[in-house]
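1. Coordinates for the following, if possible.
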Amino acid sequence: MKPEDIDLSPFYKFAGEHVAIGIHAVDTKGKTILYNKKMREIEGFDFDELADRSLLEMFRFDQSESTLLQVLQSGKPVFNVKQTYWNRKGQEITTINDTYPVFNGKKLIGAIELSRDVTTLEKVIYQPLKKYEEPITFSTITAVSKSMKKVIATAEKAATAKLPVLLVGESGTGKELIAEAMHSAQSSDRQMYTLYCHGTDGMIIDQLGEDIKQIDDGTIYCERIDLLPLPLQKQLLEMAEERSKGNTYFIASVGDDPVELIASNQLLKDLYYFFSSMTIKVEPLRSRKEDILPFVNDYFSRHRMMVGSIVQGLDQEVTDLLHTYDWPGNLKELELLLDETASMLTTQEIVTVDMLPHHFKLKTDLKSDHQPEDFIVQSNTDLLPLDEYLFEAEMYYLQKAMDLHGGNVTKAAAALGMSRQNLQYRLRKIKKNEAQT
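-> Below you'll find the predicted structure:
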């Protein structure tokens, strides 16, 4: 038998599923057709959740920010692109991607992305204040808003009483800072363990059980317990109840209203009861924009000490820009923007608009001179039939509204000016049409 006569598809399938990089392939409409095991680990989705659903539905980024969608439009590969984004479950993800167009002859049939996961590394490098190798205390958290002052005061009381605490807030709001400040208030020489509750790997609870033996009377922070499957939430509850009889201090966080999460079967009621001795809500940055400038000023103060720069702050135009932007990624997104901007500074004392990254300016009011691209992924020559285009437009717009309100149907319906029942009907209709296509 000649080598060219061997059917290599089983080998390719095995290699694709077990390779140590994430693989995500989409067709020309942006719908997933290949999503390997490593990519599932990175992004926390199963293939069934993504199949026949547009990228714009499942991930919180604009079309211009998605390398897969860029390649579909240009037909040209892009290499070594770093992306930080938030999936539909509210989990922050950072990858470095190489993305290629896929052709059948001369016809573009899709795109494929190879992703290297740097999420864990980013948590270490970019967590606010962590990069300065300083212990995080309540006094090091820069916040002047009324809501954050209340958060800090409540958290201090909870730490003093050593009550289990549930932190509620969107990704990137700084919940981990509050958790670490509470840990520091307990004792400076105790250990703190962070359990990142994403994905469906049952081993993470077993690993916690092993690691917890080394912590003894330290603090365990369970980040986003609502992302754990319910069976793993039950295991976590059993372990927490057992360890809480000793000196271990437990803190947890969720990404949305816990009552809504329980009602939608995403949060175990008993696990909520365990952590809800005190519930503390951390507001998103768009609701407390007075905290932006103190954070920026603190960032540049530390930047001057770290690298000897002379940057003093922002000009008025940049300040206004930061206050008009909605910050879907909250403080984390702001810090990443400052990191990128600061890396380009030399002898500048004041940050001006021209120093801001191009991708950020496109997302703000400065994009008025930029001709936006269609959000429907098609080639430059093909047009959709009107009814299909309108369906895609409605699907995209409704999903954007749901994403902006964290999947809360009531809030999204109010923002859209329709009843909850009407929105639910439209979402069910979209889902039904998708299943038929």
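2. Packing partners of the longest helix that the chain contains?
-> For the chain, the longest helix by residue count, based on DSSP state H, is helix 386-404. Under the contact criterion of 3 or more CB pairs under 8 Å, 6 or more residues apart in numbering; DSSP states H and E, helix 386-404 touches helix 55-58, helix 409-416, helix 420-436. In short, each C-beta sits where N, CA and C put it, glycine included.
3. average pLDDT for the last one?
-> Along helix 420-436, the predicted confidence averages to a pLDDT of 72.
4. and the helix or strand harbouring His359, how far out from the chain's middle?
-> Assigned by DSSP states H and E, His359 belongs to helix 358-362. A distance of 19 Å separates the centroid of the chain from that of helix 358-362, by CA atoms, centre = their mean, to the nearest Å.
5. ditto for stretch 277-291
-> Centroid separation for stretch 277-291 versus its chain: 17 Å, with CA atoms, centre = their mean.
6. Would you mind getting the angle between the longest helix of the chain and helix 409-416?
-> Computed with axes from the mean of the first three to the mean of the last three CA atoms, to 10 degrees, the direction of helix 386-404 lies at 120 degrees from that of helix 409-416.
7. then helix 386-404 to CSV, C-alphas only?
-> The C-alpha atoms that make up helix 386-404 are tabulated as CSV, following Å, rounded to 0.1, in the frame of the first residue of the first chain:
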residue,chain,number,x,y,z
LEU,A,386,-33.2,40.6,3.1
ASP,A,387,-35.2,38.3,5.4
GLU,A,388,-32.0,36.3,6.3
TYR,A,389,-30.1,39.6,6.8
LEU,A,390,-32.8,40.9,9.1
PHE,A,391,-32.9,37.6,11.1
GLU,A,392,-29.1,37.8,11.5
ALA,A,393,-29.4,41.5,12.6
GLU,A,394,-32.1,40.7,15.1
MET,A,395,-30.2,37.8,16.5
TYR,A,396,-27.0,39.9,16.9
TYR,A,397,-28.8,42.9,18.5
LEU,A,398,-30.8,40.8,20.9
GLN,A,399,-27.7,38.9,22.0
LYS,A,400,-25.8,42.1,22.4
ALA,A,401,-28.5,43.3,24.7
MET,A,402,-28.4,40.0,26.7
ASP,A,403,-24.6,40.2,27.0
LEU,A,404,-24.7,43.8,28.2
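8. Go through it and flag the buried ones.
-> Across helix 386-404, burial judged by 16 or more other CB atoms under 10 Å covers 391-392, 395-396, 398-404.
9. Stretch 138-152 now?
-> The neighbour-count check on stretch 138-152 (16+ other CB under 10 Å) flags 138, 140-143, 145, 147-148, 151-152 as buried.
10. Could you measure from Leu228 over to Ala252?
-> Separation of Leu228 from Ala252 (CB to CB, to the nearest Å): 10 Å.
11. so what's the closest residue to Ile350 other than its chain neighbours up against?
-> Closest residue in space to Ile350, ignoring its immediate chain neighbours: Asp315 at 5.2 Å, by CB to CB, 6 or more residues apart in numbering. With contact taken as CB atoms under 8 Å, 6 or more residues apart in numbering, Asp315 is in contact with 350-353.
12. Check Glu290 too.
-> 144-145.
13. What separation do you get for it and Leu322?
-> Applying CB to CB to Glu290 and Leu322 gives a distance of 12 Å.
14. Show me what Ile93 bridges to in the sheet.
-> Counting by DSSP bridges, Ile93 is bridged to Tyr85.
15. Could you tell me how far it is located from Met239?
-> Ile93 is 27 Å from Met239, by CB to CB.
16. Met278: neighbour count?
-> Residue crowding around Met278 was assessed by other CB atoms under 10 Å; the count is 17.
17. and Tyr273, how many neighbours?
-> The tally of other residues near Tyr273 (other CB under 10 Å) stands at 14.
18. Look up how far Leu267 lies from it.
-> 11 Å.
19. Start from the N-terminal end of the stretch 101-250 of the chain and give the helices.
-> Assignment of helices within the stretch 101-250 of the chain using DSSP state H, counting those that start in this stretch yields the ranges 119-126, 146-161, 175-186, 203-215, 230-243.
20. Name the stretch from these where average model confidence is lowest.
-> For the helices of the stretch 101-250 of the chain, mean pLDDT drops lowest on helix 119-126, to a mean of 49.
21. Please name the nearest non-neighbouring residue to Tyr35.
-> Phe47 (4.7 Å).
22. swap that for Gln348, sorry
-> Val311 (6.2 Å).
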